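J.: mind looking at a prediction? Sequence and model below.
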Amino acid sequence: MIYFETERLIMRDFEVSDLPEFKRMNKDPEVMRFFPKTLSCEETEGFYEAILNELKTCGYGLYAAERKETKEFIGFIGFHQATFESDFTPCIEIGWRLKKEAWGQGFATEGAKGCLQYAKENFDFDNIYSFTAVINRPSEKVMQKIGLVKVDTFTHPKLDPESPLSLHVLYALKN
């Protein structure tokens, strides 16, 4: 199913044919440098199933991002229910992960803006949050470009407090 389109992207359901590129993307150390580790093929398959399940049960989720021009799968952009223990969870998170060949072209910003518009028209979210490691400046810039506002920093409870990834910025778009 196609959920919506932007000028250069189609946001759609994941397809089995996306799996090889999804696995490659999640194994790439550069793509995963702001995550605790790269994902094995089996972990990516589990993530894929979780994405499909969230779309089915919630009606929203992480959408496969496809370039209109080439029909190429470039990653995902969309929503996720964040449920780890924190003073702002459970919450709706907007997030993205793109393969490195798609970086620096404005796709994350374009797709995320499209997601926010789609959510405004189709869902009754009270708040939308986004968060990332403080050292992930590229994603923080996307958060700013799509109109989210920094509201806090926090230590991510699922990460080792000694990790350079543990301190996170928290951004929000409140209706």
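T.: That came in fine, so what should we check first? Given the structure is predicted, the values throughout are model-derived calculations rather than measurements.

J.: how about the secondary structure of residue 48?
T.: helix (DSSP: H, G, I helix; E, B strand; the rest coil).

J.: same question, residue 25
T.: Residue 25 - assigned by three-state DSSP - is helix.

J.: distance check, it against residue 49.
T.: Using C-beta to C-beta, to the nearest Å, one gets 17 Å for the distance from residue 25 to residue 49. For glycine as for every other residue, the C-beta is placed from the backbone atoms N, C-alpha and C.

J.: between those two, which is the more surrounded one?
T.: Each of residue 25 and residue 49 has its neighbours counted (other C-beta atoms under 10 Å); residue 25 has more, 24 against 11.

J.: what's the separation between that one and residue 32?
T.: 9 Å.

J.: which SSE is immediately downstream of the helix or strand where residue 154 lies?
T.: In the assignment (DSSP states H and E), residue 154 maps to strand 149-155. As assigned by DSSP H and E, the chain's next helix or strand after strand 149-155 is strand 167-174.

J.: partners of that next one in the sheet?
T.: Under the criterion DSSP bridges, strand 167-174 sits next to strand 127-133 (antiparallel), strand 149-155 (antiparallel) in its sheet.

J.: now that strand: mean pLDDT?
T.: Averaging pLDDT along strand 167-174 gives 94.

J.: tell me the confidence at the residue nearest to residue 74 when sequence neighbours are not counted?
T.: Excluding the flanking residues, the one nearest residue 74 by C-beta to C-beta, 6 or more residues apart in numbering is residue 102, at 4.0 Å. Looking at residue 102, its pLDDT reads 98.

J.: am I right that residue 102 is in contact with residue 73?
T.: No - if you go by C-beta atoms under 8 Å, residue 102 and residue 73 don't touch, sitting 9.7 Å apart.

J.: lowest confidence element among the helices and strands of the protein?
T.: Within the chain, no helix or strand scores below strand 167-174, which has a mean of 94 by mean pLDDT, DSSP states H and E.
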